[in-house]
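Undergrad: task: produce atomic coordinates for the following.
(2 chains)
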There are 2 protein chains.
Amino acid sequence: MKERNKTVPFDYMYRSTWQLISKMYNEEALKRDSIMTIGFVLVNIHYKNGTPSTALGPKMGIEATSLSRTLKKMEALDLIYKEANPEDGRSVLIKLTEKGKEQREISKQIVLQFNQEVAQNLTSKQIETFIEVTETIQELIQDKLIF
Amino acid sequence: MKERNKTVPFDYMYRSTWQLISKMYNEEALKRDSIMTIGFVLVNIHYKNGTPSTALGPKMGIEATSLSRTLKKMEALDLIYKEANPEDGRSVLIKLTEKGKEQREISKQIVLQFNQEVAQNLTSKQIETFIEVTETIQELIQDKLIF
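TA: Alright, predicted model coming up:
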């Protein structure tokens, strides 16, 4: 038996599952005339107070250039607007327009529906263990215990 | 309590864990003068017989344009070469050069080390449950039981 067969491909399982989830969200978003990244940004902007542009990237784990391209598109679609940040002169606040607020609720519903549907198909014990496994892997990486 | 707090963010956990793994692989690959996608392609090419170019994209879950860009780079780096496919005139076989074979072993070691290290930090029961959870989610998406 090859060494390989004994190994569980954790990396591949996270990668392929995230790719499936992302493809599914995109298909669902396309039906509703949106795209996934825009939906993600919307969900991450504070409904009432807006969110500093500089906080969005790290929060979502996307690159600054890719984020600024998406924000430009969202401004053109009248989903967001920029406002001076009273607490930090170097950043701007990204705030939701009325249309953005409506779209945000739709995106939130899609994400909520997915996560609830998954939870309904798992036992509490399975969910608990999945969270433990994910936390263990993230800690191993963040504490640089592997490489 | 907000509705949101009751929901386990499965999507976010796969996404953020895959991003962490991917960042870790890239950092590890950079030290060794390689990049992650190249490492992934190398691992997916059959060591002896090569792999048809048309089979690589679906196998790795990457787009055709992104794959062909990577293959061009890999050819320039003398890691692979193309050969007519005796079994299918419409595709070419991607084969490893000697340098490609050496690099492939290094990439395989990195992936193996990560997955083994993770497995060592989990119980058999945790691993079994993680596989069940991942399979359940992938089935729910593929059978279109959510959207």
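Undergrad: where does pLDDT dip in chain A?
TA: Applying pLDDT under 70 to chain A picks out residues A:1-6, A:32-34, A:61.
Undergrad: what about the strands in it?
TA: Counting by DSSP state E, chain A has strands at residues A:51-52, A:80-84, A:92-96.
Undergrad: so how far is the second one off the chain centroid?
TA: When C-alpha coordinates are averaged (C-alpha atoms, centre = their mean, to the nearest Å), strand A:80-84 and its chain have centres 21 Å apart.
Undergrad: buried ones in that strand?
TA: residue A:80 (16 or more other C-beta atoms under 10 Å in any protein chain shown). Placement of C-beta: from N, CA and C, glycine included.
Undergrad: also stretch A:111-123?
TA: Result for stretch A:111-123 [16+ other C-beta under 10 Å]: buried residues A:111, A:114-119, A:122.
Undergrad: report the distance from that stretch to the chain centre.
TA: Computed by C-alpha atoms, centre = their mean, the chain-centroid distance of stretch A:111-123 equals 16 Å.
Undergrad: contacts for that stretch, please.
TA: Identification of contacts with stretch A:111-123 by C-beta atoms under 8 Å, 6 or more residues apart in numbering or on different chains yields A:21, A:24-25, A:39, A:43, A:127, A:130, B:3-4, B:7-11, B:133, B:136-137, B:140, B:145-147.
Undergrad: now the buried members of these.
TA: Using 16+ other C-beta under 10 Å, the buried members of those are A:21, A:24-25, A:39, A:43, A:127, A:130, B:8, B:10-11, B:133, B:137, B:140, B:146.
Undergrad: which of those fall in helices?
TA: Residues from these lying in helices, with DSSP state H as the criterion: A:21, A:24-25, A:39, A:43, A:127, A:130, B:10-11, B:133, B:137, B:140.
Undergrad: any chance of those in a markdown table, plus distance to residue A:53?
TA: Output for those, formatted as a markdown table (distance: C-beta to C-beta, whole Å):
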| residue | distance to residue A:53 |
| --- | --- |
| A:21 | 26 |
| A:24 | 28 |
| A:25 | 23 |
| A:39 | 18 |
| A:43 | 16 |
| A:127 | 35 |
| A:130 | 33 |
| B:10 | 28 |
| B:11 | 24 |
| B:133 | 36 |
| B:137 | 33 |
| B:140 | 35 |
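Undergrad: turn the buried ones among the contacts of stretch A:111-123 into JSON lines, including distance to residue A:59.
TA: What follows is the buried ones among the contacts of stretch A:111-123, written out as JSON lines (distance: C-beta to C-beta, whole Å):
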{"residue": "A:21", "distance to residue A:59": "18"}
{"residue": "A:24", "distance to residue A:59": "22"}
{"residue": "A:25", "distance to residue A:59": "18"}
{"residue": "A:39", "distance to residue A:59": "15"}
{"residue": "A:43", "distance to residue A:59": "10"}
{"residue": "A:127", "distance to residue A:59": "24"}
{"residue": "A:130", "distance to residue A:59": "23"}
{"residue": "B:8", "distance to residue A:59": "19"}
{"residue": "B:10", "distance to residue A:59": "18"}
{"residue": "B:11", "distance to residue A:59": "15"}
{"residue": "B:133", "distance to residue A:59": "25"}
{"residue": "B:137", "distance to residue A:59": "24"}
{"residue": "B:140", "distance to residue A:59": "27"}
{"residue": "B:146", "distance to residue A:59": "25"}
